[in-house]
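Visitor: Return a 3D structure for these sequence lines:
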Amino acid sequence: QLPLVESGGGLVQPGGSLRLSCTASGFTLDYYAIGWFRQAPGKEREGVLCISSSGLSTNYADSVKGRFTISRDNAKNTVYLQMDSLKPEDTAIYYCARTGPFCSDLSSSYDRWGQGTQVTVSS
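Guide: Numbering: from 1, shown residues only. Okay, the predicted model is just below:
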């Protein structure tokens, strides 16, 4: 069983919203920071947002400021990525990943990854 499983992706029109979930299994999320990354076709993977074990969020992508928010529910062992005012350029595969208690902008710092969920923003 994968340690992290993303869900909630899909097709949405520009201006719409989606909420992605990242659910952990086999370990407790409480002690870890979780980052969301995305990779669009033909582009490198980029960090989007991260939430530390204490709930502090860090934004790694200027393009999502004011539109995306990250939260966590440790009781459900799940981290969420709320995406509002979606744009076609947000189209990508979105991944969540685990790192130590503090966030990092280095993908090499993350030791467990999900399989990704596709988000497509198109009319």
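
Visitor: And the strands in this structure?
Guide: 4-7, 10-12, 18-24, 33-39, 46-51, 57-59, 68-73, 78-83, 92-99, 112-113, 117-121 (DSSP state E).

Visitor: Buried residues of the fourth one, list them for me.
Guide: In other words, strand 33-39. 33, 34, 35, 36, 37, 38 (16 or more other Cβ atoms under 10 Å). C-beta: built from backbone N, CA, C; applies to glycine.

Visitor: Give the full set of residues in contact with the closest residue in space to residue 88 that isn't next to it in sequence.
Guide: Spatially, and ignoring its direct neighbours in sequence, residue 88 is nearest to residue 121 (5.0 Å; Cβ to Cβ, 6 or more residues apart in numbering). Taking Cβ atoms under 8 Å, 6 or more residues apart in numbering as the criterion, residue 121 is in contact with 11, 12, 13, 14, 16, 86, 87, 88, 89, 90, 91.

Visitor: Against residue 92, how distant is residue 43?
Guide: According to Cβ to Cβ, to the nearest Å, residue 43 stands 8 Å off from residue 92.

Visitor: Settle it for me: which of the two has more neighbours?
Guide: residue 92 (22 against 9; other Cβ atoms under 10 Å).

Visitor: Looks like that one contacts residue 42 (just checking).
Guide: No - with contact defined as Cβ atoms under 8 Å, residue 92 and residue 42 do not form a contacting pair (10.7 Å).

Visitor: list the residues that contact both of those two?
Guide: Common neighbours of residue 92 and residue 42 (Cβ under 8 Å, 6+ apart) do not exist.
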